[in-house]
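In: Model the following, please.
(one chain, ligands or ions: 1)
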Amino acid sequence: MAGSSQTEPNQDQTAAPLGVSAMSDEFVKCPHAYYQSALSTAPVFQDQETGMYWIMRHDLIKQVAKDTETFSSRIDVIADVYKDGMDPEVAEIRGGGVTRIATLLTQDPPEHRTYRDLVNMTFAMDKVLAMRPYMAEIANSLIDEFPKDGPVEFISAFAAPLPVTIIADQLGVPRERADNIKDWSDAIVDLLGQVGDREHQIDCARRERASSDYLFSEVERCRKDPKQNIISDLCTLTYHPLDGEPRPLNDEELISILTQLMVAGNETSTNTIAGGMWYLAQDPDLLAQLRDGDERTMKVFVEEILRIWSPNQGQFRRTTRDVDVEGVIIPKGAMVHLRYGAGNFDDSVFTDPETIDLSRPKPRQHLTFGTGIHTCVGAPLARQEILTGFQVLLDRFNRFELAEDPADLSVHRHYNLRGLTKLHINCIE
Ligand code: HEM
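Out: Model prediction:
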């Protein structure tokens, strides 16, 4: 894997080229400057806090993601990623109910393919395109509820409920349960990011357990009385395992896949929509370019906010052998962090990466949806809901203004997800 060297290898494997903790306030608020300086000096380094090896450069991330034999996805993020491992009480709560087995995100070839084939069609482009009027209707109904006078808290009023309502409908979960979906997703995201103290982690484990109990009750309901929704589809289709006869998916497989579909797209889509509004509300020129442009301009905007905000800053792998990446020897069994957010700031791929450039050639080269066999299965859905969301917002309002001091920007403290906690804006008709 020692590839063509664009920079001198990082000899000091314990170097901390970021210069700050990846969980520090200044880093989570805006990691861009740290990325730009570290990319040129240490595109691969070991994070002292977690022991994880970060891969930062665009080409190296792609190479590593491709080599699934050396860089395995078979990890339990909560147990493996953080130095202190999983708290015993958290482990006990998580061990109850229907346990989730490795299907998509945490599975390797060849098994990964057998599950991925089942969900590839779920959000295929033609299905997603047909959802445009329905998505616009949800976006419009959310805007109808914005306060008539004064600022709106954009995340709770729009950026969060839009993707949550859509995934609830698609799964076949009643809309009254959308708040639960948000609550469970938040809990699982906080568990994965080891957010908060021990008590919060235990609370999150209980909420995660509630989510699998609920999903299981829905599975049982759909098995008896299938409807037109994803849960019913997954309950009724035929799975072709590598080592046995074709059969329906079992309980553990169903809960694993459904949990990923329920959680994976909520926080990330919310954070992209909120991140896009954060830029739009402060940049009238950007808004003018969108108004002057066509649908392609809008689509490039979506790609640019996915790139620049990078709501999923990175993902994890474990090495199955000693391996040399750009002069850094990563030992067998080490945790590796593919830092997609940094790859999105690699100026050998993205000229002037700090700028939202609506004429950027190849705007889809960003790594926000990952790369290789695990590339996000929900990407077409996410792209469309972000696109439709902004199209409706631009139709309904003339301009947007930040209703808070940009210095008060408050961001979730999370190892690999990036998102604002709140965003007050004035929407001017
Ligand atoms: C802006 C929104 C989204 C972002 C940034 C995002 C990001 C990602 C990334 C980076 C991966 C690859 C993980 C890896 O490298 O190991 C991934 C995988 C995945 N995503 Fe998304 N995602 C988004 C929306 C969604 C949506 C809407 C869904 C489903 C409703 C979804 C479901 C999944 C699933 C099931 C996987 C696992 C695929 C596999 O391992 O084969 N995502 N996503």
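
In: which residues are contacting the helix-or-strand element of the chain with minimal mean pLDDT?
Out: Least confident helix or strand of the chain, by mean pLDDT, DSSP states H and E, is helix 88-95 with a mean of 84. With Cβ atoms under 8 Å, 6 or more residues apart in numbering as the test, helix 88-95 has contacts from 78-79, 86, 191, 201-202, 205-206, 208-209. (C-beta placed from N, C-alpha, C; glycine too.)

In: so how many other residues sit close to residue 125?
Out: 12 (other Cβ atoms under 10 Å).

In: how deep is the residue of the stretch 51-200 of the chain found nearest the ligand tucked in, by neighbour count?
Out: Going by Cβ to the nearest ligand atom, the ligand is nearest to residue 104 of the stretch 51-200 of the chain, at 3.8 Å. Residues within reach of residue 104, counting by other Cβ under 10 Å, total 20.

In: Doesn't it belong to a helix?
Out: No. Counting by DSSP: H, G, I helix; E, B strand; the rest coil, residue 104 is not found in a helix; it is coil.

In: residues touching it, list them.
Out: 112, 115-116, 119, 256-257, 260, 374, 377 are the contacts of residue 104 under Cβ under 8 Å, 6+ apart.

In: mind listing the strands for the stretch 1-150 of the chain?
Out: 44-46, 53-55, 71-72 (DSSP state E, counting those that start in this stretch).

In: is any part of the last one close to the ligand?
Out: This means strand 71-72. No. Contact between strand 71-72 and the ligand is absent, the nearest approach being 10.0 Å (criterion: Cβ under 6 Å from any ligand atom).

In: same deal with stretch 165-172?
Out: Yes. Shown here: stretch 165-172 in contact with the ligand (Cβ under 6 Å from any ligand atom) through residue 167.

In: Apart from its neighbours in sequence, what residue is nearest the residue of the stretch 201-350 of the chain found nearest the ligand?
Out: Proximity of the stretch 201-350 of the chain to the ligand (Cβ to the nearest ligand atom) peaks at residue 265, 2.2 Å away. Leaving aside its chain neighbours, residue 265 sits nearest to residue 378 (4.5 Å; criterion: Cβ to Cβ, 6 or more residues apart in numbering).

In: quick one: average pLDDT of the longest helix along the chain?
Out: Using DSSP state H, we find that the single longest helix of the chain is helix 198-224. Mean pLDDT, helix 198-224: 92.

In: that older thread, of the contacts of helix 88-95, which ones also sit close to the ligand?
Out: Of the contacts of helix 88-95, not one also sits near the ligand (Cβ under 6 Å from any ligand atom).

In: pLDDT weak spots in this structure?
Out: 1-16, 77-85 (pLDDT under 70).

In: Against the centre of the protein, work out the most remote residue.
Out: residue 245 (34.3 Å; Cα atoms, centre = their mean).

In: Would you tell me which residues of the stretch 301-429 of the chain are close to the ligand?
Out: Checking the stretch 301-429 of the chain against the ligand by Cβ under 6 Å from any ligand atom, the hits are 311-312, 315, 340, 368-370, 374, 376-378, 381-382.

In: what about burial for the contacts of helix 88-95, which qualify?
Out: 78, 86, 191, 201-202, 205, 208-209 (16 or more other Cβ atoms under 10 Å).

In: wait, which of these is closest to residue 56?
Out: residue 78 (23.9 Å; Cβ to Cβ).

In: so who does the residue nearest to residue 265 touch?
Out: 123, 261, 264-265.

In: and the helix or strand containing residue 308, what other elements does it pack with?
Out: Per DSSP states H and E: residue 308 is located in helix 295-309. Contacts defined by 3 or more Cβ pairs under 8 Å, 6 or more residues apart in numbering; DSSP states H and E place helix 295-309 against helix 266-280, helix 284-292, helix 379-396.

In: Deepest-packed of those, please.
Out: Looking across the helices and strands packed on helix 295-309 with neighbours counted as mean count of other Cβ atoms under 10 Å, the highest average goes to helix 266-280: a mean of 24.

In: what's the offset of that one from the middle of its chain?
Out: 11 Å (Cα atoms, centre = their mean, to the nearest Å).

In: can you check stretch 121-139 too?
Out: 19 Å.

In: neighbouring contacts of it?
Out: By Cβ under 8 Å, 6+ apart, stretch 121-139 touches 158, 162, 165-166, 230, 233, 261, 377-381, 384-385, 388-389, 391-393.

In: now swap in stretch 229-247 and tell me
Out: By Cβ under 8 Å, 6+ apart, stretch 229-247 touches 110-111, 114-115, 117-118, 122, 169-173, 215, 218-219, 222-223, 226, 248-249, 253-254, 257-258, 261.

In: how far does that stretch sit from the chain's center?
Out: That offset, for stretch 229-247, works out to 26 Å (Cα atoms, centre = their mean).

In: And it, what's buried?
Out: Those would be 229-235, 239, for stretch 229-247 by 16+ other Cβ under 10 Å.
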